[in-house]
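> model the following, please.
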Amino acid sequence: MYMRQYIYHPQMPVWFWVLIAAAIMWSIFWKGAALWHAARKNDSAWFVILLIFNTLGILELFYLYGVSKVKNDKLFK
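You can find the predicted model right below:
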């Protein structure tokens with residue numbers, strides 16, 4: 001019962017939990033895309049960096065569109 005206080009706090013509004021869930025889903029989506037492209041291009045250093053650091057998709061977007069220069073139509077191919 002003590003541990004339950006950390007999972008759900010009655011004074012936290014529902015929109016807060018929705019925002020947290022959306023941020024997690026956003027981060028997982030971009031992390032997956034960036035790791036996929038880093039692995040396919042044998043960018044092992046970028047793969048490790050992307051795997052370790054969680055930046056809510058900012059570093060992943062930088063890698064995909066800045067370093068890797070992936071086009072939108074080839075993002076999922």
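> mind listing the helices for the chain?
Listed in chain order, the helices of the chain (DSSP state H) span 4-7, 14-40, 44-52, 58-61.
> could you check the angle helix 44-52 makes with the longest one?
Between the axes of helix 14-40 and helix 44-52, defined by axes from the mean of the first three to the mean of the last three CA atoms, to 10 degrees, the angle is 160 degrees.
> so which bits of helix 14-40 are buried?
The neighbour-count check on helix 14-40 (16 or more other CB atoms under 10 Å) flags 27, 30, 31, 33, 34, 35, 37, 38 as buried. Just so you know, the C-beta spots here come from the backbone N, C-alpha and C atoms, and that holds for glycine as well.
> dump these to TSV, plus distance to residue 49.
Formatted as TSV, the buried residues of helix 14-40 follow (distance: CB to CB, whole Å):
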residue	distance to residue 49
27	15
30	14
31	11
33	15
34	10
35	10
37	13
38	9
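> where does this structure have low pLDDT?
1-10, 75-77 (pLDDT under 70).
> tell me which residue is most central in it.
Among the residues of the chain, residue 27 comes closest to the average C-alpha position under CA atoms, centre = their mean, at 2.2 Å.
> that one contacts residue 53, correct?
No: counting by CB atoms under 8 Å, residue 27 stays clear of residue 53, with 11.0 Å between them.
> check the offset of stretch 43-50 from the chain's centre.
Averaged C-alpha coordinates place stretch 43-50 at 14 Å from its chain's average position (CA atoms, centre = their mean, to the nearest Å).
> hmm, back to that, what's near enough to touch the residue nearest to the centre of the chain?
54, 56, 57 (CB atoms under 8 Å, 6 or more residues apart in numbering).
> report the buried members of those.
Looks like those have residue 57 buried, using 16+ other CB under 10 Å.
> would you mind giving the contacts of residue 27 as TSV with distance to residue 11 added?
Below are these laid out as TSV (distance: CB to CB, whole Å):
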residue	distance to residue 11
54	26
56	25
57	29
